[in-house]
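J.: return a 3D structure for these sequence lines:
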Amino acid sequence: MAGVSLYLKKTLTLLTWDDNHIAIPLTISVDLPTLGTHEGIDIRSREDIMIVINHDKYPQIAPVVLTDRLDFPKNKLAHLYVAKTGRPPAFCVVRGSLKEWYANKRLLDLVIRTQNWLRDAACGELIENNDQFDPLRLEGYQGTAVYDYDSLAQMVLGNKVFSPDERFGVGLFEGSVAEDTGLTFMLRTIVTPDNFIEVRDRFDAETTTARLRYGFILWSSSEETFDDYSVDLPYDLDTFRRFCTKYKIEQHGFEQTLAWHELNDKVFFPVIVGIKRPKPLIGFDECVEFINFCFRVDTVDSVNGRLINNVPVRIQAHNQPLTFKKARQISGDVEITDKPFVIIGCGALGSKIVMHLARAGIANCLLIDQDKFAPHNAVRHALFSNTVGDNKAKSLVKYINEMYSIEKSNLAISLPIDGELLLIPDILKQFFWLFDFTASPSFGNALVNMGTVEQVRVAKGYLSDSGNLGVFIIEGKNRSVRIDDAQQFMYYEAVRDEYIAGWLAREQEGSENKIVSIGIGCNSETFILSDDVISMHAATFSRIIKKESAEHHSGNGKVYLSVIGEDSISHTVRKILIPEFESLTCRNDSHWVTRIRTGLLDEMRSLMNEALPNETGGVFIGSANFKTHTIHVVDFIKAPLDSKSNEVCFYRGVQGLPEEIYKINFASAGQVGYIGEWHTHPEGPEGMSAIDAASVLVFKKDFIKLPTPIPVFLMIITVTDVHVFIY
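T.: Residues are numbered from 1 along each chain as shown. Next up, the predicted model:
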């Protein structure tokens, strides 16, 4: 080809490399060490190189630089790519992607970088850490072998052959669907004499559905190590034999096994060769480098127990299988606890949270859900249409455990049962977290009535406000704040918080019976809510769970509000700290309990002391739950100015009281309001007086007539005790 003039002001020769590439031969100068090259390696002061350029896709595809002499010391250097047949090896001139490096570079920069590479090679500085061995730079992969490096390294170093008569190991692998050159092999188990029967039965039972096949691991039984590189890797059986001979690997018994074709009913299978190196490999702890191959052996390739054809061999990449530890490293969640947790409710929201946690290496879980996956669930669920008809919890567990197939413990499990069946203290005490993502009021009531399980953190998450709000509630330590306590206190915050007030008003407006419905389920195909909205809240809840898992569990409860803005794009997270609540058992009906915000009793006792010797009192703000038999007291209002009292009686006035109660009731959309009466008995009696009993009867008649009836709730505070009565 005719020469052309470039920016170097030199005439260059352009050669045809192949149909798509041209080559530019150059001679470049190399700055050699004054005292000679490292270990006498044959790097010269003037080196011939070849720059190969894709003439159709340059500069999108970066040029490749190769040595232009066949006697280049390729077997002594790291950072050379494996050579194609009949071609010299290419220099690995940058760590990382050559394409990305070249994106803002010139041909001259590539030449300079090659000069630096050759200088480093001559000085013995190609390897950054001389205490580790730099593995081969492979290219032209045709598929992937997935296995745990440490497991195979221990096999090689321990010389754990399949049987004393054989000089190789055997593994059971699962292959990808496509029987082609891009096949992926996943190691399921190493076959040993102890598990052979079990593995054989599994192979016979699952070979069709699971695409199982046997693969082989070869190595030298000698202790000799090798520090040279093989940049000319095998491409057929003959070159594979020479490769094994070079590293003193005996392959005769292996070939006999291959010729016994009945062992595999699959044409393609993996063969992994372990080479013992003098130092640990970069990125690993052991001194074994594995080179991965894919063999293709058909029935026509063997006769009478002997391979007769020079079968093809292809190079494969290696991937480590995912472990919990690795997932946490990749996610940046190394410090997250691996203690077990239980999730009840594996619908759209729950499933996404499960998978967020699982992908972060937090998968030691029990999943509870009775529902089966329906076709429309695929719109916003973590599962896909291939699980239609299957139990949601079971399918999620299957995905998680397949993701971490190498893990032998702390795997996910599932139970297709009603979540209420799990609410037994002796069962729950083994878990670190208990999550409720059911959006079920019925289960919520059961959870409230569960009782205290020490050391178990209880939390609930749900969506509301047409999906624009995600609410995540965390109970206080040992249930010093329960889910229902936190929820009622949050509603009371509407008096001071315009956003909560607006949310509750919207919920009330959209409710036919004007009772706010808190928590929406996403299982109905008629419910309109996009997947990305659920995903946004699920991701937020997942981050909260990981954050809270790493923090001390205090007595205070917490409510996190995940809020999507009116523009449907902006997103904020707000946190409400919930004070502890005290539990008071009803004197006249032990089925009822009063949960009162901590500190309120002390404030009322203080008012009692201020009013001495007279009685005083007021009204309570809160709510009543007839299903859980609980009165929640979030605040109180002290005696109105027109109240009257003496040493034995208290007559609560009304001045300003209706207006104040209406303000609270309106702001919270009816969620909290007037719930009962309190007064003091500084001089006794320890309980209700005759006047109190008569007042209760009057209240009962009035409360029955209310649109939403409430029980009669009376608290009497004495110098020594607190008396609660509920009728």
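
J.: can you give me the neighbour number for D148?
T.: Residues near D148, counting by other CB atoms under 10 Å, number 15. Quick note: C-beta positions are derived from backbone N, CA and C, even for glycine.

J.: need the contact list for it.
T.: Contact analysis of D148 by CB atoms under 8 Å, 6 or more residues apart in numbering lists 187, 320-321, 323, 406.

J.: okay, now the unreliable bits of this structure?
T.: 1-11, 83-86, 128-129, 138, 177-181, 207-210, 261-263, 511-527 (pLDDT under 70).

J.: for it, what's the longest helix?
T.: Longest helix in the chain by number of residues (criterion: DSSP state H): helix 531-549.

J.: give me the contacts around it.
T.: 333, 336-337, 348-349, 352-353, 356-357, 360, 362, 379-380, 432-433, 435, 457, 459, 461, 463, 467-468, 470, 472, 474, 522, 558, 560, 562, 564, 571, 573.

J.: which of these fall in strands?
T.: If you go by DSSP state E, the contacts of helix 531-549 have 433, 435, 457, 459, 461, 463, 470, 472, 474, 558, 560, 562, 564, 571, 573 in strands.

J.: on that earlier part again, out of the contacts of D148, who's the most crowded?
T.: Per-residue neighbour counts (other CB under 10 Å) across those peak at L187, which has 22 neighbours.

J.: and the closest residue to that residue other than its chain neighbours, what does it touch?
T.: Of all residues not flanking L187 in the chain, Y147 sits nearest, at 3.8 Å (CB to CB, 6 or more residues apart in numbering). Residues counted as contacts of Y147 (CB under 8 Å, 6+ apart) are 171, 186-187, 272, 318, 320-321.

J.: tell me, how many residues neighbour R587?
T.: Residues near R587, counting by other CB under 10 Å, number 17.

J.: dihedrals phi and psi, the residue nearest to L187?
T.: The phi and psi values for Y147, taken as degrees, to the nearest 10, are phi -160, psi 160.

J.: who touches the strand or helix carrying T594?
T.: Secondary structure assignment for T594, by DSSP states H and E: strand 593-597. Contacting residues not belonging to strand 593-597 are listed as 482, 484-485, 489, 579-586, 629-635, 713, 715, 724, 726 [CB under 8 Å, 6+ apart].

J.: apply 6 Å and report the result again.
T.: For strand 593-597, contacts defined as CB atoms under 6 Å, 6 or more residues apart in numbering pick out 485, 579, 581-585, 630-634, 724.

J.: inside strands: which ones of the residues you listed?
T.: Short answer: these in strands (DSSP E) are 581-585, 630-634, 724.

J.: just the buried subset of those residues, please.
T.: 581, 584, 630-634, 724 (16 or more other CB atoms under 10 Å).

J.: can you give me the buried ones in stretch 683-699?
T.: Those would be 688, 692, 695-696, 699, for stretch 683-699 by 16+ other CB under 10 Å.

J.: surely A259 meets V303?
T.: No: A259 lies out of contact with V303 (CB atoms under 6 Å); the separation is 8.0 Å.

J.: please produce a ChimeraX select command covering the buried subset of the contacts of helix 531-549.
T.: Here is the ChimeraX command that picks out the buried ones among those, judged by 16+ other CB under 10 Å:
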select :333,336,348,349,352,353,356,357,360,362,380,432,433,435,457,459,461,463,467,468,470,472,474,522,558,560,562,564
